[in-house]
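A.B. asks: Sequence unavailable; structure follows:
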């Protein structure tokens, strides 16, 4: 009995030592890579490279947090799956209001750079609370009051990037595709690393990495990104250009694409680990693989736009999404799930590669507004997708959430068709008025 106790203590000590070494190795490798990327940017003039790097840093913050949230709430806080939806709805609604307000301020001439720093500060405060409580109510309050500001980090990064291009001879579609590819590159690193740290150490290790990346993002913006003019005009209270109905059809298509993707990503950890009994690293590997495959597809999408319309490319993306979700619903092995990530990459790479540019083209004078609507469309998709996933999992299983994801992709194609139809009608009306 004494011998067994001593061996158990030795095993625990060995586990903690190995876990610590793994964490230090991950942290050292990650921060060495970030140092090598950031240092050249500090000593050079502002360039597209710096904004791509900023997109990577911003993407990494979310990549360490969002794939783990449903798993964190169920496994760490021990709440019922339906509470995933409660958290997502309240935090997203709060974030939408704040993000849209900050986007409007950016269009009026206020500093998007300072608002990005504010957003990252909100993320840091929220994660510090997450790491130090096991109470769902406390996590929910921190999400509503702190993480809601963090929801503005991506739209403010997109606004900063687009403001920089105003007087630069760059291909906007290609530039936006590279910015989105930077976010996908971050998701190639974040989920595998995050789930591995959770498996060996716990959620605190992953959230700590997100806090450190958010701090790096703040320092990078402060040191490397100068103030950008908002459409070359001072702060003003002039009434903005009204968004047409077709713009909102496109926004709904963005919401549906995000909703389907989030129903899949929220269900994936619990479906693969608990229902298919696959290893705990499985979700991270799948998310990292698809993020890596998305990057060349996103970059390729800008070339496709020279031959096909952006709307038709997005329509093809939704078709790939339907095929993918139905495929995952019928898959039961790790090998099949890996193979299906090629179809997933085609869906998300094309969807994200052209969506931002297509939306910004609708209202070119309101970049802050369109960037916020685009990003908030994803957030609404996250909210609705997580809520639907929680309800489906509560009464059926996580597997059936994949059918909901397929339905969301089909609805996205419908809204995109309405966008096309309304645009065509508007063009006909303009032609008749001209005559």
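C.D. replies: Received the coordinates, thanks. What you are looking at is a predicted structure, and each value in this text was computed from that prediction instead of being measured.
A.B. asks: SS state for residue 216?
C.D. replies: Assigned with DSSP: H, G, I helix; E, B strand; the rest coil, residue 216 falls in the helix class.
A.B. asks: thinking it is in contact with residue 57, fair?
C.D. replies: Yes: applying CB atoms under 8 Å as the test, residue 216 and residue 57 come out as touching, 6.1 Å apart. C-betas here are computed from N, CA, C, even on glycine.
A.B. asks: which one of these two has more residues nearby?
C.D. replies: Counted by other CB atoms under 10 Å, residue 216 and residue 57 do not tie: residue 57 has more neighbours, with 25 against 19.
A.B. asks: and the more buried one, what does it touch?
C.D. replies: 34, 186, 213, 216-217, 220 (CB atoms under 8 Å, 6 or more residues apart in numbering).
A.B. asks: So which of those is the closest to residue 120?
C.D. replies: When the contacts of residue 57 are compared for distance to residue 120 (CB to CB), residue 217 wins out at 5.2 Å.
A.B. asks: What residue, apart from its backbone neighbours, is nearest that closest one spatially?
C.D. replies: residue 57 (4.4 Å; CB to CB, 6 or more residues apart in numbering).
A.B. asks: So the closest residue to residue 111 other than its chain neighbours: helix, strand or coil?
C.D. replies: Distances taken as CB to CB, 6+ apart place residue 227 nearest to residue 111, at 5.9 Å, with adjacent residues excluded. Secondary structure assignment for residue 227 (three-state DSSP): coil.
A.B. asks: Need the pLDDT of residue 227.
C.D. replies: Model confidence at residue 227, given as pLDDT, is 73.
A.B. asks: Could you report the neighbour count for it?
C.D. replies: Each residue near residue 227 was counted by other CB under 10 Å, and the total is 11.
A.B. asks: is it true that it touches residue 113?
C.D. replies: Yes: checked against CB under 8 Å, the pair residue 227 and residue 113 is within contact range at 5.7 Å.
A.B. asks: buried ones in stretch 353-363?
C.D. replies: Across stretch 353-363, burial judged by 16 or more other CB atoms under 10 Å covers 353-360, 362-363.
A.B. asks: wait, I meant stretch 170-178
C.D. replies: Buried-residue list, stretch 170-178, by 16+ other CB under 10 Å: 172-178.
A.B. asks: go on, stretch 286-300?
C.D. replies: Neighbour-count burial for stretch 286-300 flags 286-295, 297-299 (criterion: 16+ other CB under 10 Å).
A.B. asks: Look up how far residue 89 lies from the residue nearest to residue 217.
C.D. replies: Look at residue 57 and residue 89: by CB to CB, to the nearest Å, they are 28 Å apart.
A.B. asks: likewise residue 219?
C.D. replies: Counting by CB to CB, the gap from residue 219 to residue 89 is 33 Å.
A.B. asks: again, but for residue 49
C.D. replies: Distance from residue 49 to residue 89, by CB to CB: 38 Å.
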